[in-house]
Structures are given as C-alpha cells and as structure tokens.
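K.L.:
from the sequence below, what's the structure:
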Amino acid sequence: MQDMHGGTSALVAMSGGVDSAVAAWLLQEKGVRVEALFLRLVKDEYSARAEESARELCTLLGIKFHKVDYSGIFRERIIKYFLNSYRQGLTPNPCVRCNPDIKVNAGLEKMKSLGLSFLATGHYARILHGDKAGMLRLFAGADSDKDQSYFLHGLTSETLEHLFFPLGSMHKKDVRQIARKAGLASTIQAESQDVCFLRGDYRQFLNHHGVQDKGPGQMITQHGDVVGMHSGLQNYTVGQRKGLGLPGPAPSYVIRMETDTNRLVVGPREELFSPVAWVRNVNWLVPDAASSKTLNCAVRIRYRHTPAPAVVSMRGNRVHVEFKEPQRAITPGQYAVFYQGDMVLGGGEICA
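P.N.:
Next comes the predicted model:
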C-alpha cells in the first residue's frame with residue numbers, strides 16, 4: 001500500500017463491492033480505525049441491494065456504517081450533464097465527472113465532519129511523491145487492466161493530501177483472493193460494468209428524459225455524397241461499424257455526427273484516424289506541465305485506450321494535441337488524459 005502519511009483513522013467509501021470491502025479490511029490490518037460511507041446516487045433496486053451488501057460487510061468487519069443520500073446532487077451534476085451532452089451531439093463520460101466531483105468530494109466532506117484522518121476508496125490508482133519537492137501526485141494503478149487514474153484526473157493536488165488508495169499497488173486477482181480468505185466474498189455485491197444510472201438501452205433513457213433527436217437524416221461521405229439514411233443521430237457513435245446498412249465491398253464507419261444538419265458522416269476505416277485533437281477545460285495536477293508552452297507526453301483519449309506519444313501545446317484556453325501516430329476515433333465529449341510515465345499530468349474534454 002501507499003504511505004498513509006501518518007493517518008490513524010479513515011472513512012472508507014463502501015460500495016458493497018469487493019474493492020471497497022478489501023480496502024477497508026487492509027486498513028484494519030494496518031491498525032487504522034475505520035468507518036464506512038455508502039453514497040446513494042440513484043434510487044433503484046440495484047442501489048438498494050448494494051446498500052444492503054455494504055451494511056452487511058460493515059457488520060462483518062465491525063465498523064460503523066454511514067449513509068448519505070446524494071441522489072439530488074448526482075441528478076443535477078451528472079445526469080443533466082449526460083443528457084445535455086447528447087443534445088449537443090457529444091459522447092459523454094459520466095464516470096469521469098462523477099468520481100472526483102461526487103464520490104470523492106462527498107466522501108471528503110463526510111470525513112471532515114466525522115473528524116477522521118483521510119478518505120480511502122477502492123480505486124486502482126496510486127498517490128505518491130512525484131518530484132524532488134516532495135509533492136503528492138496521482139499515478140496509474142499497478143494493475144494496468146484495472147487502472148482507474150483516467151477517471152480521477154479531475155482531482156486537485158490539494159485533494160490528494162486527504163486521499164488514500166489501498167489497492168493502488170495491487171492486482172485484481174489478489175484483491176479477490178484476500179476477499180475469500182477474509183470471509184467477505186459471500187456478502188459482496190456483484191460488480192456492475194455499466195454506467196450506474198443506466199438500466200438497459202441508453203437511448204430509452206434519453207427518450208424518457210426528453211432528449212429527442214431530429215429523427216432520420218442523410219448519411220454522407222466526407223465529400224458530401226449522400227449514401228443512405230440514418231435512423232437518428234442518437235443511435236450512433238464515432239467509430240461504429242455495425243448497423244449502418246450500407247452496401248459495398250468494404251465496411252463503412254461513423255466518422256462524425258453533424259447535429260446542426262442532422263447528417264451522419266461515414267467513411268472507410270482509414271478516415272477514422274486523426275493525428276490531432278483539441279482539448280478544453282483542462283485540469284492540471286502538475287503545475288510545471290501547465291506552465292509549459294509545449295509538452296512531450298503520452299495521451300489517453302478514452303478509458304481503454306493505450307496512452308499514445310504526443311506533443312501537447314497550450315493555445316489560449318484550449319490544448320492542442322498532436323500525436324506521433326494518428327489515433328482511431330478521437331471522440332468529442334470523451335476525455336484526453338496526459339501522462340508522464342505512470343504519473344498523471346492532467347486532462348480535459350475533447351472538443352474536436
């Protein structure tokens with residue numbers, strides 16, 4: 001585990017899943033006094049089951065259980081952002097917004113009110129001393145398959161002083177093994193791989209909340225040639241191949257969506273690749289990186305993307321990213337996160 005910086009008590013963000021349960025157990029093994037927080041973000045059956053699992057785990061571990069209903073704030077900050085992004089023809093990433101702005105901030109607020117030393121979560125990321133000045137920095141988790149630093153790039157350097165990630169240097173298989181040995185496995189809630197507030201088709205969710213697209217429209221090539229009709233822009237995403245229904249010897253892909261004209265731009269696979277991205281609203285975790293006119297680093301353009309070498313240039317209130325090699329399906333609304341080795345420099349929203 002990372003250094004706890006002398007903390008003797010912790011609030012653990014308890015979700016009912018294996019990661020937060022093992023995080024709490026590990027802290028107890030280190031002699032830390034632990035209390036738990038369950039954050040209710042949505043009001044549905046899955047959330048109710050997760051809360052029940054979190055309560056049972058706290059009973060097994062002998063730790064105090066706290067619950068905060070954050071569903072109203074979650075609806076205002078995350079669900080509205082999700083809906084508005086689709087209205088603008090963007091592909092949102094609610095988890096990038098939720099992790100720092102909701103989960104961490106709510107946890108820190110409760111931690112301080114309880115007089116505890118730090119907030120611990122089950123994230124696969126690390127907080128380490130990253131330079132000669134001894135400043136704490138955010139680093140990728142040791143398990144590259146589970147690394148969640150991408151979702152945490154919106155944290156501030158001040159926040160890092162109060163955070164602790166017990167699983168940051170561990171691999172998922174080892175975490176599961178600890179859960180079995182500690183007798184926690186039978187109580188743990190099954191993990192969800194989906195966005196927490198979506199149950200079923202996201203398009204039904206959009207329609208239910210009044211996000212109506214303009215209906216069918218033209219499919220065109222980059223040159224403006226009409227090659228077919230689409231069923232509604234909300235049914236597509238950049239890089240999509242299936243469901244276009246276009247004839248031809250080679251498959252076509254979604255290149256971009258034009259919301260103003262209700263047109264879907266399609267083309268061959270090679271047209272999906274671009275050497276350039278523009279990024280706005282960048283949050284810098286390393287001040288030296290922010291003050292550089294140009295920066296050589298690696299850039300991740302979505303969660304499962306392998307960071308690619310690039311030159312980052314500051315251009316007014318936006319950042320220009322020029323990749324060494326063109327990247328596939330750079331998608332407006334997703335996030336670009338900048339890395340130096342395993343250290344997170346910062347990140348922001350892709351706007352072009």
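
K.L.:
so what's the closest residue to residue 197 other than its chain neighbours up against?
P.N.:
Excluding the flanking residues, the one nearest residue 197 by Cβ to Cβ, 6 or more residues apart in numbering is residue 42, at 4.8 Å. To be clear about C-beta, it is placed using only N, CA and C from the backbone, and glycine gets the same treatment. Listed by Cβ atoms under 8 Å, 6 or more residues apart in numbering, the contact set of residue 42 reads 71, 74, 196-197.

K.L.:
10 Å instead, please
P.N.:
48, 50, 70-71, 74-75, 78-79, 196-199 (Cβ atoms under 10 Å, 6 or more residues apart in numbering).

K.L.:
please render these as a markdown table that adds neighbour count and secondary structure to the earlier fields.
P.N.:
Formatted as a markdown table, these follow (neighbours: other Cβ atoms under 10 Å; DSSP: H, G, I helix; E, B strand; the rest coil):
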| residue | neighbour count | secondary structure |
| --- | --- | --- |
| 48 | 12 | helix |
| 50 | 23 | helix |
| 70 | 19 | coil |
| 71 | 17 | helix |
| 74 | 23 | helix |
| 75 | 14 | helix |
| 78 | 23 | helix |
| 79 | 20 | helix |
| 196 | 18 | coil |
| 197 | 21 | coil |
| 198 | 16 | coil |
| 199 | 15 | coil |
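
K.L.:
and of these, the nearest to residue 22?
P.N.:
Comparing the contacts of residue 42 against residue 22 with Cβ to Cβ places residue 50 closest, at 15.9 Å.

K.L.:
that closest one contacts residue 190, correct?
P.N.:
Yes: Residue 50 is in contact with residue 190 according to Cβ atoms under 10 Å; the separation is 9.5 Å.

K.L.:
now do the shared contacts for these two.
P.N.:
Common neighbours of residue 50 and residue 190 (Cβ under 10 Å, 6+ apart) are 16-17.

K.L.:
is it fair to say the residue nearest to residue 197 lies in a strand?
P.N.:
No: using DSSP: H, G, I helix; E, B strand; the rest coil, the assignment for residue 42 is coil, not a strand.

K.L.:
need phi/psi at it.
P.N.:
Here is the backbone geometry of residue 42 (degrees, to the nearest 10): phi -130, psi 160.

K.L.:
can you check the one 4 residues further on too?
P.N.:
Comment: the main-chain dihedrals of residue 46 come out as phi -60, psi -40, following degrees, to the nearest 10.

K.L.:
give me the neighbour count for it.
P.N.:
Using other Cβ atoms under 10 Å, residue 46 has 16 neighbouring residues.

K.L.:
which pLDDT value belongs to it?
P.N.:
pLDDT for residue 46: 88.

K.L.:
so what's residue 16 up against?
P.N.:
So residue 16 contacts 38, 46-47, 49-58, 187-191 (Cβ under 10 Å, 6+ apart).
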